[in-house]
Every structure is written in C-alpha cells, then in structure tokens.
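**Student:** Predicted model follows, preceded by the sequence.
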2 protein chains.
Amino acid sequence: MLSLSDCQSVINRHINEIKLSGLPVNLYDPVKYMLGLEAKRLRPCLVLMGCNVFTDQIEAAIYPALAIEVFHNFTLVHDDIMDQSDMRRNHPTVHIQWNPNVAILSGDVMLIKAYELLTHESVVNLQQILPVFNETALRVCEGQQFDMDYEGFTDITIDEYLKMVEYKTALLVAAALRIGALTGGASDKEAGMLYEFGRNIGIAFQLRDDLLDVFADSTVFGKITGNDIVTNKKTILLIEALNVAGQDKKSELLGWLCKTRFERNEKIAAVREIYESLHIDELVGQRIRQYHKAGIDFLNQLPCEPDRKRELACFSDYLLNRIK
Amino acid sequence: MLSLSDCQSVINRHINEIKLSGLPVNLYDPVKYMLGLEAKRLRPCLVLMGCNVFTDQIEAAIYPALAIEVFHNFTLVHDDIMDQSDMRRNHPTVHIQWNPNVAILSGDVMLIKAYELLTHESVVNLQQILPVFNETALRVCEGQQFDMDYEGFTDITIDEYLKMVEYKTALLVAAALRIGALTGGASDKEAGMLYEFGRNIGIAFQLRDDLLDVFADSTVFGKITGNDIVTNKKTILLIEALNVAGQDKKSELLGWLCKTRFERNEKIAAVREIYESLHIDELVGQRIRQYHKAGIDFLNQLPCEPDRKRELACFSDYLLNRIK
C-alpha cells in the first residue's frame, strides 16, 4: 500500500511533468510559480490513497489527483486576492508578486487547467467523476463567500462556522477521496463512506489549523503564530470563546477585536490568555477528536481488508496530531 | 431551419429555467443579474444553428449552448474588473453593483456552472466536446492577457492585434459552431469547416465592433460612441492609422494618445477626423469583407444541402452589416 510520502513523490513528479508554462508569460508564469511552491499535496495524495484502497493500479487516479491539486491552487490564488493576503507558503502571493489582474486571470486558467487534467485520456470514468468535481467546486466557492459574508460579524454561531469550514475546506478533501475511490472501482456506497470519512477529517483538519495558529510553535509551523488573532479572523477559537465567555471576558475580547491601534504581540498574548483562561484549546481539541472519531467510524465500516485502509487511518492520525 | 430569432427565443427561455439563484445571495445574485441582462445571445445561438445544419433535433445542443453563454458571461464579469469598466449592457458591471471580490467569486461560479451545464445528462457527446471547450477557454484567457499586455504600447503590429482578437473573441464563436456541429452528428471534418467559418466571421465581428465604436450612431448603437478613442483602447482603427499615417498625422495622433487632460468630445472629433483623412474606415471595411468572404468560402465548401446552411449565411451577413 502506498504511504502518504509515496503519494507525495508521485504527485510532485507529475506536477513537474504537466505543461505549466506557455505564452503569454504573464498568464502562465504565475501558474508555474504557484504550483512550484513547496506544498504538502494532501488533497491529491488522498485521491491516490482513495484509489489504492480498491486497487493496486493507481495510474488512472493520477490525472484526477493533479486536477484536484491545480483546482486547490486556483482557490488559493483567488482567495488571496479577496483576503488581501501578502504571503502564501512563505512566498509573496501571486497578486503581490505580479498584480491583481494577473492573479484573477491566471487563477481562471488554473481552474480551466484542472478541468483539462480531468479530461485526460488516462481518466477512465470522466462521466462519473465530473459531476462530483463540479458540485464540490461550487460548494468551495460558496464556502469562501460565506467566509467573506461573516467578516466583521461577531455573532456567527458555531453551526454557521462549521458549515463554512465544511464547504470551504472539508468537501474538497471528501471529494478527493470519493473521486479516487470511484477511479479505483469502488461502488457508489463504498465511495460514499470514504467521502464521509474525508468530510469529517477535513473539518477536524481546519479546526486543527485554527488551533495551531494560536498555539503552535512558530519555528516549526512556518507561519507566524497569532496571525488570526491580529487580523480578527473568524476561527473556531474566537467563536467558542465569544460563546462561553462570561460578561467580563467577553467585553475584554470584544475590546481587542475593536481596537484599531495596538501592539501586535500584546494583542496576541492578551487574546491567547483569554482563550487559555476559558480552556478554549481543550474545547476545540474535543471537537477535533469528535470529528476524527466520526471519520474513523466511517473508515472502519468500509468492507475491505484492514490492510487496505491502514494508510488512510495513519493519514487521519497525522492530521490530528500534526504540529505544522 | 431555425432562424437567429428562433434560436434567441430558445436560449432566453432556457436561461430563465436553469437554476441561477441560491445561497449565499452575494454569490448567486450577481450570476442571475448578469445572465438576466438583455443580450443578443449570439454565441449560444451559433451552437444551436451549428447543430441544426446536421439535424432537426437540436435538443442535445441546448445545454452546450447554455454552457457557452454562461462561459461568455464569466469572461465579461472578470474582464470588466480587469479593464475597470463601469457599465455593461447599459447596466453597472458586477464589481460596481457589488464589489470586486464578489465579481471575482461569482465569475468563478459562472465558469464552474458552464462546466456543469456541459455535464448535463442531455449532452450526448461530452467526451468529444469537453476538450474543445477546455482548449477554447484557455485561448480566451490568453487573448485577454495579450490584450492587457498590449495596453500602453503604441507599436503593436496588425498581426499581433489580429491574433489577440482571434483568441479573445473569434475562437469562442468558432468553438460554438464546432460544438453545435459535433452535437448534431457532424464529422470532425465538417465540424472543422464550420469552425473555420466561425473563426473568420468572429474576427470580422470584432473589427466591425471596433469600427462601430467610432462611426456608429450612438442612439442605435446603445454604447456611447467614441469610448475607445477616449480610453486609448487598442483597436484595429488605431493600429491601422499609426501604420499608414505620415509623420505629421502620426505625431498628431500620438499627441492625442499622450494627453491626460482633454475635452472628451474634442478628442473624439479630432481622432475621428484623422481616421477619416486616412480612410481608415475603408481600410477596416476591406479587412472585414476579406474575413467575411474567407468565412463564407468555408461555409460554401461544406457538403450539405444549401437550405441547411442558409441561416448561417444570413447570420454572417447580419454581423457584417449590423449597425449596433
């Protein structure tokens, strides 16, 4: 069975092989730049691993996997414009390195390229996977719009936040597994179980991401810790905190949210202290474990040899415990 | 045989039937808004007419036609952001009516929706038309990037300009016909002839558009005439003029291009006068007739009853002679 790192090697080898350059250079150089940045390739690896549960022949899953990765990178390029993010994977974002127009158009090209990869002759079940891809792509856009709609609101419910996370992040993880499974010959029912596994660990993955931004060690995390706090980003920590805090803590927290002039590290330390005093890390940790368990339950139900799904179980443990 | 106006009715009826609304409203309202604006629906009509050359059963072409129209509208939404256009079809553009982020994301949704329409169960030859759609979509983006790259340059050659027009405008017209033809059961060779017909009349269409902006009567044209002159837009008229003008006229024209403060109507009148003195309208008219003739030659070569292609011939005459 292929491990995560086996799959990463396959993806990285093929990413370099697909034609990413072309004319005009201002259109294709950003595509090459974006896909060339070091990345974990988790989503395309899940396509391969989902396929590998049902067959040892994973060749037919390679192009769908590349399509998922290119699609994911399209969303990053456009989201970074919308969120005005300057850095991505320790490098300037496309709209900073070039300009917003170039980022819009090269993002569009990446979305079309994703469909082109899906249409590759090696893909044996296009009719089956294209509707999954289309629907997921729409949900991801809806998730991003919910995220933008929620900006500036402090009264988002936990359910609203979780739905946004599901759409924006988890459903692509789920779809990667469903597409991989279908390509490997799974029945709709089997593919549906892997989809539910993916949906749950996808949510756990994003909650873990929220947690890491506040509590991870910045030297291993790669990002500067506390960024979400500084930018008032809606995270599960903030929403839980506003939810469980008493009047005093709540107004202290809202005070920090409203401040326009502050010392960065002071704000991070203060908000982190509020989170700690409310045991938000434990509350969020509990949620992560719940989603993780729900995901694993679906994986366990899948009727196949335990050996064939071991790598996916390892993968979900890795997501639960990752420190970066 | 279906006329252009028959096809327009079919398209407008179906545009209203496909599900365009949904949540979040900030994502789907712009889609509904954009597709609800009065439009000529030329490209989707060409899908139906291309199909109708080969069969009376045009049902299988309806969803591909809708896909082409939704794709075309996606390009308008994103192009309008990039070109900072405030008005489209006599209404505020999406990024003005909402904001640029909404326009980016609802444009993305329209691109995905185009693929979803193409994936509709009524589409019988997805495997055949999807690669055509993908390649054309990439070329359209490349054309837009060439257009942006050429901004601010005064030394674009006529060939460079024509290639840009071909990519940005003509190839989608050509692809609409090819996809329609293939859906109607045409051979690759027959579909290729309609494609070449479309490519040529597509170029003629854009050159006519350039001409109309300067010389059309604004009361029937719908747009304010002379806008391209005011904004220094690269058009076939400007490039021809810079090409054929003697030293005096050329420096007069460059003078107007460089002026940052001017009276709008004065600039329009002055540049139009330069064009007239150089007989640019005749030069451009000649080019339009050349492309029109090249297109018609391909149509004439197509081996089928003359009756079956009469509507397409009428269509190309309409494009050549249209006054708005």
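**Tutor:** Structure received.
**Student:** Could you pick out the longest helix of chain A?
**Tutor:** helix A:188-215 (DSSP state H).
**Student:** buried ones in it?
**Tutor:** A:190-215 (16 or more other Cβ atoms under 10 Å in any protein chain shown). Quick note: C-beta positions are derived from backbone N, CA and C, even for glycine.
**Student:** Stretch A:130-143 too?
**Tutor:** For stretch A:130-143, by 16+ other Cβ under 10 Å, it's A:130, A:132-134, A:136-143.
**Student:** got it, and stretch A:108-124?
**Tutor:** For stretch A:108-124, by 16+ other Cβ under 10 Å, it's A:108-120, A:123.
**Student:** got it, and stretch A:153-170?
**Tutor:** Using 16+ other Cβ under 10 Å as the test for burial, stretch A:153-170 gives A:156, A:160-170.
**Student:** Same question for stretch A:170-188.
**Tutor:** A:170-186.
**Student:** Report the separation between A:V124 and B:K234.
**Tutor:** 45 Å (Cβ to Cβ, to the nearest Å).
**Student:** low pLDDT regions in chain A?
**Tutor:** A:217-224, A:323-324 (pLDDT under 70).
**Student:** Could you check how far the residue nearest the centre of chain A is from chain B?
**Tutor:** For chain A, the residue nearest the mean C-alpha position is A:T169 (4.5 Å; Cα atoms, centre = their mean). Using Cβ to the nearest Cβ, to the nearest Å, A:T169 is found at 16 Å from chain B.
**Student:** try A:P303
**Tutor:** 30 Å.
**Student:** How many residues are close by that residue?
**Tutor:** A:P303 has 8 neighbours, counted by other Cβ atoms under 10 Å in any protein chain shown.
**Student:** Let me see the contact set for the closest residue to it other than its chain neighbours.
**Tutor:** Spatial nearest neighbour of A:P303, chain neighbours left out: A:E190 (7.6 Å); criterion: Cβ to Cβ, 6 or more residues apart in numbering or on different chains. Residues near A:E190 by Cβ atoms under 8 Å, 6 or more residues apart in numbering or on different chains: A:54, A:181, A:302-304.
**Student:** before we move on, back to that, what about chain B: which of the buried residues of stretch A:130-143 touch it?
**Tutor:** Among the buried residues of stretch A:130-143, proximity to chain B is found for A:130, A:134, A:137-138, A:141-142 (Cβ under 8 Å from any Cβ of the partner chain).
**Student:** Same list (those) but as a markdown table, adding secondary structure.
**Tutor:** Output for those, formatted as a markdown table (DSSP: H, G, I helix; E, B strand; the rest coil):
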| residue | secondary structure |
| --- | --- |
| A:L130 | helix |
| A:N134 | helix |
| A:A137 | helix |
| A:L138 | helix |
| A:C141 | helix |
| A:E142 | helix |
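**Student:** Tell me how many other residues crowd A:G36.
**Tutor:** Neighbour number of A:G36 under other Cβ under 10 Å is 12.
**Student:** now do the one 10 residues further on
**Tutor:** Counted with other Cβ under 10 Å, residues neighbouring A:L46 total 31.
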